[in-house]
Structure formats: structure tokens, C-alpha cells
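J.: One predicted model, sequence on top.
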Amino acid sequence: MSVVTNFAMFPTDKGDSVSPYVAKIIKHIRHSGYANQFTAMGTLIETETLPEALNLINEAYKILEEDCERVYVTVNIDIRKGNLGRMESKIRSVEDKLEGKD
């Protein structure tokens, strides 16, 4: 199974710049061993199971929980039976069409 999750998480009680808090989350995700991609609007992760994806989101919250009174989270999840690697293959499919390969 492939679970592609796009999520954004940040504190809302820390002023205009929350990048130090987001950086803590990204560091944790990068060390998780799961495929991931940090973007300007969120972070993509790909896991084999839904519990793995939800666990990473919960771990991210725990990173912020002790220092933050309020945390905002958005989550989109695409679950599909089959192989991992969809983060790359979905992009490749569109790029191929843009280049006229399909």
C-alpha cells in the first residue's frame, strides 16, 4: 500500500515567523526514514500504512505541544493499494505529458 500525505502544522501563538518550529518538525520527518518532500505550503510524506502516516503527524504535534498553546494542522491523505514511489511517479506522469511523451 502507498499512503501519500500532505500536511502543514505550525503554532498560531508564536508571532509572524514560525519557521523555527516548522524546522523542528521537518528535521524529525527527515530522520524518520520515510520518503518526504518539504514545500512552501506543507510537507509530503509517503508511508506504507495509514497508521504510520498518522503516527508521524502525532509525533510532529508532540514536538510543538510543550512550547505551544495553539497548533494549526491541515492534512490530505491519498491511500492506494500498490507499490510505494507514488510521490515521484505522480509528478513524472504530469511532466511526461507536459513534454509530449504521453
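T.: Looks like it arrived, so ask away. Numbers count the residues shown, from 1 in each chain.
J.: distance between stretch 37-55 and the chain's centre?
T.: 3 Å (C-alpha atoms, centre = their mean, to the nearest Å).
J.: Need the contact partners of that stretch.
T.: 1-8, 25-26, 29, 32, 34-36, 56, 74, 77, 79, 84-87 (C-beta atoms under 8 Å, 6 or more residues apart in numbering). Placement of C-beta: from N, CA and C, glycine included.
J.: all helices of this protein, in order?
T.: Using DSSP state H, the helices of the chain run over 19-30, 50-65, 86-98.
J.: wait, what's in contact with Ala35?
T.: Taking C-beta under 8 Å, 6+ apart as the test, what Ala35 contacts is Ile45, Glu46, Leu84, Gly85, Met87.
J.: could the helices of the chain be laid out in CSV, adding mean neighbour count, distance to Thr12 and mean pLDDT?
T.: Listed next are the helices of the chain as CSV, based on neighbours: other C-beta atoms under 10 Å; distance: least, C-beta to C-beta, whole Å; pLDDT from 0 to 100:
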stretch, mean neighbour count, distance to Thr12, mean pLDDT
helix 19-30, 15, 10, 98
helix 50-65, 16, 10, 98
helix 86-98, 12, 28, 89
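J.: Can you lay out the ones you listed as JSON lines showing distance to Ala40?
T.: Formatted as JSON lines, the helices of the chain follow (distance: least, C-beta to C-beta, whole Å):
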{"stretch": "helix 19-30", "distance to Ala40": "11"}
{"stretch": "helix 50-65", "distance to Ala40": "17"}
{"stretch": "helix 86-98", "distance to Ala40": "16"}
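J.: Which two among the contacts of Ala35 are spaced furthest apart?
T.: Farthest apart among the contacts of Ala35 by C-beta to C-beta are Ile45 and Gly85. That separation is 13.2 Å.
J.: Looking at the two now, which is surrounded by more residues?
T.: Using other C-beta atoms under 10 Å, the more surrounded residue of Ile45 and Gly85 is Ile45, with 24 against 12.
J.: For beta bridges, what are the partners of that one?
T.: Legend: beta-bridge partners of Ile45 under DSSP bridges are Thr5, Asn36.
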